[in-house]
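J.: Show me how the following folds:
(one chain, ligands or ions: 1)
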Amino acid sequence: MSAQPSRATLIDGKAFSTGLVERVAAASARLEAAHGVKPGLAVVIVGEDPASQLYVRNKGETTVRAGLRSDTHRLDATTSQADLLALIAELNADAGIHGVLVQLPLPTHIDASVVLDAIDPDKDVDGFHVVNAGRLAVGLPGLVPCTPLGCLMLLKDQLGDLSGLNAVIIGRSNIVGKPMAQLLLGESCTVTIAHSRTRDLPAVCRAADILVAAVGRPEMVRGDWIKPGATVIDVGINRVPSLDPEKAAAGKTRVVGDVAFQEAVQVAGRITPVPGGVGPMTIACLLANTYSAACRSIGVTPEPLDA
Ligand SMILES: Nc1nc2c(c(=O)[nH]1)N[C@@H](CN(C=O)c1ccc(C(=O)N[C@@H](CCC(=O)O)C(=O)O)cc1)CN2
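T.: Below is the predicted model of the structure:
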């Protein structure tokens with residue numbers, strides 16, 4: 001009888017994120033009881049992008065469920081950059097708001113980098129402000145982008161000490177690839193950032209003990225790119241046509257990651273599914289960052305939120 005190929009352990013980001021939100025809720029309740037401060041998060045969305053609308057609704061509902069203050073500002077797609085900056089200035093000045101987030105993508109007439117850098121760095125719960133990117137790069141405390149922070153939490157929960165492991169990140173964006181690299185470097189991994197110009201990408205990936213795919217190309221990472229037993233973190237959220245031809249013809253889609261899951265699961269040691277892996281961690285980490293920002297606003301050290 002031939003041996004069955006072993007299947008990777010699934011990393012359940014949905015379950016982990018539920019626990020994290022519960023820990024944020026409990027820590028925030030203690031903060032309010034001790035200091036009279038309820039963490040407050042303001043989310044700003046410009047326009048009608050359906051996926052963004054869904055994410056913003058989920059952010060608001062999760063924030064309320066955790067007992068935090070949640071304000072959502074829905075602006076018309078034609079809102080000017082000046083009006084958006086004026087709203088950010090108001091939120092920066094609002095003492096009841098500890099976290100300010102502008103949902104991306106923004107309409108093309110607005111310069112996202114100008115808007116993100118207008119947020120007070122100490123309220124920048126997305127961690128996208130250049131000051132927070134700098135703090136992360138030099139190892140100072142600051143607010144860390146939610147998706148890479150969530151990936152790191154899952155990795156530490158699964159593997160414990162990451163030091164000395166080879167980590168390969170595919171993708172060099174400011175919001176995932178670069179901060180992910182900084183976080184893994186902070187854990188003493190040997191880090192490679194791969195991108196569209198990387199030569200022999202499959203061979204680079206095969207050297208990885210930890211492979212993080214954040215490239216935005218459906219199922220690009222194939223099973224034979226993965227070192228047997230490696231831990232694979234799939235950050236991709238790509239909408240592709242439904243497998244059912246009738247549904248596809250009617251415009252129905254399904255969500256897949258950047259990793260060809262059915263191949264990868266036969267080779268990897270552990271893998272995040274899509275959906276249900278990294279995605280839910282993004283919103284849970286947003287709440288964790290809002291709690292931390294509220295603590296720091298009154299000079300209180302945040303409680304650790306690890307599992
Ligand atoms: N200001 C920001 N904008 C955007 C961010 C961000 O972190 N800050 N990230 C993404 C969107 N995003 C949160 O905003 C987000 C994406 C996906 C999920 C999620 O839970 N995904 C599910 C699948 C949901 C689906 O079917 O679409 C999953 O992976 O299980 C949460 C948050 C871009 N914009």
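J.: From here on, just use CA atoms for contacts and neighbour counts.
T.: Will do.
J.: tell me the contacts of Ala216?
T.: Heads up, residue 216 is Gly, not Ala. 236-238, 257-258 (C-alpha atoms under 8 Å, 6 or more residues apart in numbering).
J.: Where strands are concerned, which of those count?
T.: Secondary structure of these is defined by DSSP state E; positions in strands are Asn238.
J.: among the contacts of Gly216, who's most crowded?
T.: Comparing these on neighbour count, Gly257 comes out first with 28 neighbours (neighbours: other C-alpha atoms under 10 Å).
J.: Give me the nearest residue to it, chain neighbours excluded.
T.: What sits nearest to Gly257 in space, not counting adjacent residues and going by C-alpha to C-alpha, 6 or more residues apart in numbering, is Gly236, at 4.2 Å.
J.: ok, now Pro241?
T.: The shortest distance from Pro241 to any non-neighbouring residue, by C-alpha to C-alpha, 6+ apart, is to Thr253 (4.3 Å).
J.: ok so, going back, show the contacting residues for the residue nearest to Gly257.
T.: 213-218, 256-259, 274.
J.: Would you mind measuring from Leu159 to the ligand?
T.: 21 Å (C-alpha to the nearest ligand atom, to the nearest Å).
J.: Am I right that Gly251 sits in a helix?
T.: No. Applying DSSP: H, G, I helix; E, B strand; the rest coil, one finds Gly251 to be coil, outside a helix.
J.: Distance check, it against Gly236.
T.: 21 Å (C-alpha to C-alpha, to the nearest Å).
J.: Where does the prediction get shaky in the protein?
T.: 1-5 (pLDDT under 70).
J.: where does it come near the ligand, residue by residue?
T.: 55, 101-104, 126, 146-147, 255, 274-280, 282-283 (C-alpha under 6 Å from any ligand atom).
J.: Quick check: Gln182 touching Leu136?
T.: Yes. Using C-alpha atoms under 8 Å, Gln182 makes contact with Leu136 at a distance of 6.8 Å.
J.: in the stretch 201-307 of the chain, which spans are strands?
T.: Assigned by DSSP state E, counting those that start in this stretch, the stretch 201-307 of the chain shows strands spanning 210-213, 231-234, 238-241, 253-256, 270-271.
J.: ok, back up a step: any chance of the contacts of Gly236 in a markdown table, plus distance to Val21?
T.: As requested, these are exported to a markdown table (distance: C-alpha to C-alpha, whole Å):
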| residue | distance to Val21 |
| --- | --- |
| Ala213 | 25 |
| Ala214 | 24 |
| Val215 | 27 |
| Gly216 | 27 |
| Arg217 | 30 |
| Pro218 | 29 |
| Val256 | 25 |
| Gly257 | 24 |
| Asp258 | 26 |
| Val259 | 27 |
| Val274 | 20 |
